[in-house]
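> got a predicted structure here, sequence first:
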Amino acid sequence: GAVVSQHPSWVICKSGTSVKIECRSLDFQATTMFWYRQFPKQSLMLMATSNEGSKATYEQGVEKDKFLINHASLTLSTLTVTSAHPEDSSFYICSAREWWTDFFGSGTRLTVV
Amino acid sequence: AQKVTQAQTEISVVEKEDVTLDCVYETRDTTYYLFWYKQPPSGELVFLIRRNSFDEQNEISGRYSWNFQKSTSSFNFTITASQVVDSAVYFCALSEAGVTGGGNKLTFGTGTQLKVEL
């Protein structure tokens, strides 16, 4: 099956700093990638849809200036959490679409201290 | 608007028992895709199956089987002879098909936590 790599797996950062998370499709090209946030024991919450070569589409309530998404190539999308605060601590997971199926990365556990 | 309901929050079974995870969906589209994903404790979502709305054939893959019934808008997942390694959260999801297959987001159910004990 298609493989999506996400790095880092976990990161601890100080409040006020920025953190970048990478999502790569390793064996296919993905025009569309998605970024989710997941709280403990809850379902996935879609944050934004990332389309290669164009601006990301953010879901209602997601701050685009805080969660910067860049999809510069058909195999790479990045999520940058800017000026992170403790309330941004969460599990972030990306997916890449190959035709009509979304394949997911292994997720990034972000802890802001 | 599309919606996916997984009414079972948590299921506990003893190893070797069969278990069925329920999924009911709502959509106005006639063309859509249904999915099941497995999320083990490590966190990654593992793709299990995709089924399109025009294909109501049931599918079997090893110990896994899926029952798609458009008449009841259900896409249930059965694990036969469950094993401890099956312990995970299972998500059912729906996407409405677009022309190119891109851009239409997945709608997830709330997930079912399956615990398989010895």
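Yep, that arrived.

> quick one: end-to-end length of stretch A:29-48, please.
Separation of the first and last residues of stretch A:29-48 by Cα to Cα, to the nearest Å is 19 Å.

> residue contacts, residue A:81?
Contact analysis of residue A:81 by Cβ atoms under 8 Å, 6 or more residues apart in numbering or on different chains lists A:18-19, A:21, A:66-67, A:88, A:92, A:110. For glycine as for every other residue, the C-beta is placed from the backbone atoms N, C-alpha and C.

> spell out which residues of chain A are next to chain B.
A:1, A:31-32, A:34, A:41-44, A:46, A:49, A:51, A:91, A:93, A:95, A:97, A:99-107, A:109 (Cβ under 8 Å from any Cβ of the partner chain).

> just the buried residues of these.
Buried subset of the residues of chain A next to chain B (neighbour count, 16 or more other Cβ atoms under 10 Å in any protein chain shown): A:31-32, A:34, A:43-44, A:46, A:49, A:51, A:91, A:93, A:95, A:97, A:100-107.

> in strands only, show me those residues.
Counting by DSSP state E, the part of those found in strands is A:32, A:34, A:44, A:46, A:49, A:51, A:91, A:93, A:95, A:97, A:101-104.

> and the residue nearest to residue B:18 when sequence neighbours are not counted, how many neighbours?
Nearest residue to residue B:18, sequence neighbours excluded (Cβ to Cβ, 6 or more residues apart in numbering or on different chains): residue B:80, at 5.1 Å. For residue B:80, the count of nearby residues is 14 (other Cβ atoms under 10 Å in any protein chain shown).

> and what of residue A:57?
Applying other Cβ under 10 Å, we find 17 residues neighbouring residue A:57.
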